[in-house]
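Undergrad: After the sequence you'll find the predicted model.
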Amino acid sequence: MSAERSTIKERAKEALKDDYLRGAVKSTTDRLRTNKLASQEALGNWEWWRERGRQIRAHVVANLDYYLSQLAENVRQNGGHIYFCETGHEAVKQVIEIAKRVKARSVVKSKSMVSEELHLNHALEQEGIEAVETDLGEYIIQLAKEGPSHIIAPSIHKNRHQVAELFAETDGKEFIPSDTQTLTAFARAKLREKFMTGEIGVTGCNFAIAETGSVCLFTNEGNGRMVTSLPKVHIAIMGMERILPTVEDLEVMMNLLPRAGTGQKLTSYVSIITGPRKSGEVDGPEEFHLLVVDNGRSEILEDEDFRQVLHCIRCGACLNVCPVYRQIGGHAYGWVYPGPIGAVITPLLNERNDQYQDLPYASSLCAACYEACPVKIPLHDLLVKLRARNVEKGRTSRWEKLSFRMYRHAFRSPKRYRVAIRLASRLQKPFLRHGFIQAQLPILNGWTGARDLRGFSGESFRDRWKTLQNVLEKDKG
Amino acid sequence: MKVSLFITCLADSMFPEVGESVVRILHRLGCKIDFPEAQTCCGQPAYNSGYLRETRDVALTLLDAFEESEYVVTPSGSCAGMIRHAYPDLFAHDPVLSSRVVRLAEKTFEFSQFLVDVLGVTDLGAELHARVTYHPSCHAMRLTGVQEQPEILLKHVKGLVYTELPNKMECCGFGGTFSVKMGDISAAMVTDKVNQVVQTQADILTGTDMGCLMNIQGRLRREGHAIEVMHLAQLLAKGMKL
C-alpha cells in the first residue's frame, strides 16, 4: 500500500495482519521497557533526574538563539564549519556540494534520524554517490529498501530469520544461518570494506555542546567511531534543537537517554568530537562540517502550545510503552518518526500537508508515553491539542462536527440530557439481546466488529435515586 | 462527612448498579450523600476529540452542579482525571472560572481513592469467595493518582484470592472515541487484554472505570468467556452484602 495516500487507519489495518511484525515488535519492546525499569531503579531517584532533564531541555529551547550562536562560534574556533539550513532541501544541497568538492564516490553513515527526514541517501545516490548505513539495524533496512520503524531500533520489525534471508539474497546465496553470530559477522565483514573506502563520514548528533562546540554521539556498535575517524571528511547533521549548554548537562543526558531507550546504564560508545584533526593528532578527519537543520522546527518553536515537543531527545521510550505502536509497528505511522512522538511531531513538521494530520488519532490517550518520557513531554496533552487544531482548522468531518454539536446541545442541559438517554434507550430496543448489542451498526462498527456493546439501562441511576434515598432513610431509622 | 456523587453519564445511563453500590457503601461508612441532579457529563468525549468549545459548555454544567459540594466522589478514575487534569488547562484563560475549577479539582476524588486516602478505610469487612483480578485504568493511574488503593481494598476482602493481571499497566484499548474511530487497533489491544485476563483464571475482573470494563467485557463476551466483570464498588458491596 502506498504510504503517500493512505490513512493511518488503513496502514494500521495492513500492519495488524502481519503477525511476524507484531511478534517481533512486541518481544523487543517488552525487553526494552523491562530493562528501562530496572536501570532507572538502579540509578535511584529517577524522578529527580527526569525533572533535571526537563529543566535543561526547557532552558535550551527557551534560549535556543543564544546557544546556537555560541555553538557556531565554538565550532568555527575549533576549525570546523557550521551551516544553518532552513529546509531539508538546503541541507541535502550542502552535503552534495561538499561531496562534489572532495570528489567523493562513497559515503559511510552512522545512524541519524534527521538524515532520514531529508532522504539524504536517495539524494546522494542520484548524484552517483554510494551511501552505506553502518548501524546494523539501519544496514538491514537499507538492504530491505525500507525506512526505520523505531527511533533507536530501526529494524525492530524484523526477526533474525528475515534478516538471514535478506543477507543471503544480497549476497546471491541460497542460505545463511540465522544465528546472531553469523549474521553480525556477515554485516561486519561487509561494512569493514566500506569503512576503509568511504571518503566522507556522515553522522547524526545526539547532542551538540554549545560551550565547547562539540558534537556527541551515543552508539552501541562502534561504527560511529569508524565513521568519524577513518574518512577524511566528517559531516554531522543535527536538528536545530539538539543542543546542550555545557558538558555538565551532557552528564544528565548520558544518564537519561540510554536508560530510557534501551535500559543501558551507558551506551557502549560515547564519542565527543570537537572539530577536525588537529596538528599532532594521529586520527580524525581533515574537515569537520556541522549542519544545523531547521526544516519546520522554528515554526514549532514559535508555537507555545507545541514548543515542548522540541525537548525530545529521541530515546524511543515512548514507542516502547505505547500500546498502539506495539500493535502496528513504526511504518504504519507513514513518516520518519513513529510512535507517540511521531504522532505529535510528524503533523507539526508537515503542517501544510493534510496527509499527516490524522496521526494524532492513533492514540488511546493512555499517557504511558508521558510516564516513560525521560524529559517529561506531555505527549498525551499535545495529542489532544493537535486534535483541537484539526477541529479549529475545519479538518474534521461534517458528521463528527454535527455529533459534537448535538452532544453539546443535549449534555449542557440536565433536562435535555435526560430526554436524550431515554430516547437512546428506546431506540436501541430492536438491537438488544440480553442487554447487549451484537449486531453490526454502521456508525459503531469500529466497536461492534470485535466486541459486544452494552446497551443503555432501562432505568438510569437518576431514575433510581429517589427510591434509593428512601431505602437509605429507612435503613438509618 | 458530606459527599456529593458525580455518577458520570456512562454509569448513569448504562450501569446504574455501580452508582447504587457506591451509595450503599458510602452510606454504610456514615457519609451523608447527595446527588446533584443538574450534573450530566465531564465533557471527555468532546475533549478527547478536540472539540474544546463544546467541552467547556458541558463542563460548566458540572461546575455549577457541584459548586456547593464539600467532596465530590465518582466511580470513574477517568472522569476524575478529566476534572483534575484537563479542566484547569481548559479554563486557564478565565480567572473567575479558573479558580472555581481549581476548587472543584481539589475536592474531587475517585471512589477507591476517597475511601482509602480521605476516609482512611482499608477494610470494609467484606467477604467474597472468588478469584479476582484487577485492571488499573490508565487515567485512574496516570491522571488521578489511583495507585495501590483498589488493591488494598481488595486484599482486605475475606476469602478473596487476588491474582495480578499480567502486563496490567497497558491500556485496554478503550480510549473513548478511539475505540470506535480506530476500531481495528483498539480491537487488537482489547484482545491482548482479554488473553491476559483469561490467563489469570479469575472468576471476576474488576476495575475503577466502567469505560474500560465495558470494553473488556464486550470482548470477553464476544469470545465467549464466562468471567464476570464488575466495578470495584459492586464487588465490595456484594462482599458487604449491601
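TA: On my side now, so go ahead.
Undergrad: Moving C-terminal from the longest helix along chain B, which element do we reach first?
TA: Across chain B, the longest stretch assigned as helix under DSSP state H is helix B:183-199. For helix B:183-199, the succeeding helix or strand toward the C-terminus, using DSSP states H and E, is strand B:204-207.
Undergrad: Figure out how far the helix or strand that that next one is followed by is from the centre of its chain.
TA: Toward the C-terminus, strand B:204-207 is succeeded by helix B:210-223 as the next helix or strand (DSSP H and E). Centre-to-centre, helix B:210-223 and its host chain are 15 Å apart (C-alpha atoms, centre = their mean, to the nearest Å).
Undergrad: Residues contacting helix B:210-223, please?
TA: By C-beta atoms under 8 Å, 6 or more residues apart in numbering or on different chains, the surrounding residues in contact with helix B:210-223 are A:436, A:438, A:447, A:450-454, B:8, B:10-11, B:14-15, B:18, B:75-76, B:78, B:135, B:137-138, B:172-174, B:176, B:179, B:186-187, B:190-191, B:193-194, B:197, B:205-207, B:227, B:229-231. Glycine gets a C-beta too; all of them are placed from N, C-alpha and C.
Undergrad: Can you report how many residues lie near A:G224?
TA: Neighbour count of A:G224, defined by other C-beta atoms under 10 Å in any protein chain shown: 27.
Undergrad: and it, what pLDDT?
TA: With respect to pLDDT, A:G224 scores 95.
Undergrad: unless I'm mixing things up, it is touching A:K109, no?
TA: No: at 9.9 Å, A:G224 and A:K109 do not qualify as touching, with contact defined as C-beta atoms under 8 Å.
Undergrad: any residues in contact with both of those two?
TA: Residues touching both A:G224 and A:K109 (C-beta under 8 Å, 6+ apart): A:T203.
Undergrad: Would you mark the buried spots in stretch A:167-182?
TA: By neighbour count with 16 or more other C-beta atoms under 10 Å in any protein chain shown, stretch A:167-182 contains the buried residues A:167-168, A:176, A:178.
Undergrad: For A:L257, give me its contacts.
TA: By C-beta under 8 Å, 6+ apart, the contact list for A:L257 reads A:206, A:218, A:267, A:313, A:315, A:374.
Undergrad: how about a cut-off of 10 Å?
TA: A:53, A:152, A:206-207, A:218, A:250, A:264, A:266-267, A:313-317, A:374-375 (C-beta atoms under 10 Å, 6 or more residues apart in numbering or on different chains).
Undergrad: can you tell me the helix or strand for it?
TA: Assigned by DSSP H and E, A:L257 falls in helix A:247-261.
Undergrad: Going C-terminal from that helix, what's the next secondary structure element?
TA: Next helix or strand after helix A:247-261 toward the C-terminus (DSSP H and E): strand A:269-273.
Undergrad: Could I get the CA-only coordinates of that next one as PDB?
TA: Extracted C-alpha coordinates of strand A:269-273, given in PDB (Å, rounded to 0.1, in the frame of the first residue of the first chain):
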ATOM      1  CA  TYR A 269      30.500   4.100  22.900                       C
ATOM      2  CA  VAL A 270      30.100   7.800  23.700                       C
ATOM      3  CA  SER A 271      32.100  10.000  21.300                       C
ATOM      4  CA  ILE A 272      32.700  13.600  21.900                       C
ATOM      5  CA  ILE A 273      34.000  15.200  18.700                       C
END
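Undergrad: Could you pull out the buried residues of stretch B:208-225?
TA: Within stretch B:208-225, the residues that count as buried by 16+ other C-beta under 10 Å are B:208-222.
Undergrad: Figure out how far the lengthiest helix in chain A is from the centre of its chain.
TA: Secondary structure of chain A read by DSSP H shows that its longest helix is helix A:19-43. Helix A:19-43 has its C-alpha centroid displaced from the chain centroid by 16 Å (C-alpha atoms, centre = their mean).
Undergrad: Now find how far off-centre the following helix or strand past that helix is within its chain.
TA: Counting by DSSP H and E, the next helix or strand C-terminal to helix A:19-43 is helix A:46-62. Offset of helix A:46-62 from its chain centre (C-alpha atoms, centre = their mean): 19 Å.
Undergrad: Give me the packing partners of helix A:46-62, helices and strands only.
TA: Helices and strands touching helix A:46-62, by 3 or more C-beta pairs under 10 Å, 6 or more residues apart in numbering or on different chains; DSSP states H and E, are helix A:19-43, helix A:64-77, strand A:243-244, helix A:247-261, helix A:297-302.
Undergrad: So which of these is the most surrounded?
TA: Of the helices and strands packed on helix A:46-62, the one with the most neighbours on average (mean count of other C-beta atoms under 10 Å in any protein chain shown) is strand A:243-244, at a mean of 25.
Undergrad: hang on, A:E14 in a strand?
TA: No: according to DSSP: H, G, I helix; E, B strand; the rest coil, the state of A:E14 is helix, so it is not within a strand.
Undergrad: correct me, but it touches A:T7?
TA: No: look at A:E14 against A:T7 with C-beta atoms under 10 Å: they stay out of range, at 11.1 Å.
Undergrad: Centre-most residue in chain B?
TA: With distances taken as C-alpha atoms, centre = their mean, B:S76 lies nearest the centre of chain B, 2.0 Å away.
Undergrad: quick one, what contacts it?
TA: For B:S76, the contacting residues are B:6-11, B:18, B:42, B:44, B:82, B:110-111, B:137, B:139-140, B:144, B:208-212, B:231, by C-beta under 10 Å, 6+ apart.
Undergrad: so of those residues, which ones are in strands?
TA: Mapping these onto strands (DSSP state E) picks out B:110, B:231.
Undergrad: Separate out the buried members of the contacts of B:S76.
TA: Using 16+ other C-beta under 10 Å, the buried members of these are B:6-11, B:18, B:42, B:44, B:82, B:110-111, B:137, B:139-140, B:144, B:208-212, B:231.
Undergrad: where's A:A42 relative to chain B, distance?
TA: Using C-beta to the nearest C-beta, to the nearest Å, one obtains 20 Å as the distance from A:A42 to chain B.
Undergrad: ok, now A:A424?
TA: For A:A424, the distance to chain B equals 7 Å [C-beta to the nearest C-beta].
Undergrad: pLDDT score assigned to that residue?
TA: Taking A:A424 on its own, its pLDDT is 91.
Undergrad: Now it. Nearest residue, chain neighbours left out?
TA: What sits nearest to A:A424 in space, not counting adjacent residues and going by C-beta to C-beta, 6 or more residues apart in numbering or on different chains, is A:F456, at 5.4 Å.
Undergrad: Report how many residues lie close to that neighbour.
TA: By the measure other C-beta under 10 Å, the count of residues near A:F456 is 22.
Undergrad: does it sit in a helix, a strand or a coil?
TA: Secondary structure of A:F456, per three-state DSSP, is coil.
Undergrad: Please name the residues that touch residue 147.
TA: Answering for chain A, as no chain was given. Contacts for A:G147 were tallied using C-beta under 10 Å, 6+ apart; they are A:3, A:116, A:119, A:138, A:141, A:154, A:330-331, A:333-336, A:338.
Undergrad: I was thinking of chain B, sorry if that wasn't clear
TA: B:112-113, B:116, B:136, B:140-141.
Undergrad: contacting residues for B:H225?
TA: By C-beta under 10 Å, 6+ apart, the residues touching B:H225 are B:194, B:197-198, B:205, B:217, B:219.
Undergrad: Spatially, which two of these are the most separated?
TA: B:V198 and B:Q217 (13.1 Å; C-beta to C-beta).
Undergrad: Can you show me the strands along chain A?
TA: So, for chain A - with DSSP E - the strands run A:81-85, A:106-109, A:130-133, A:200-203, A:207-209, A:214-219, A:233-239, A:243-244, A:269-273, A:287-293, A:432-433, A:436-437, A:453-454.
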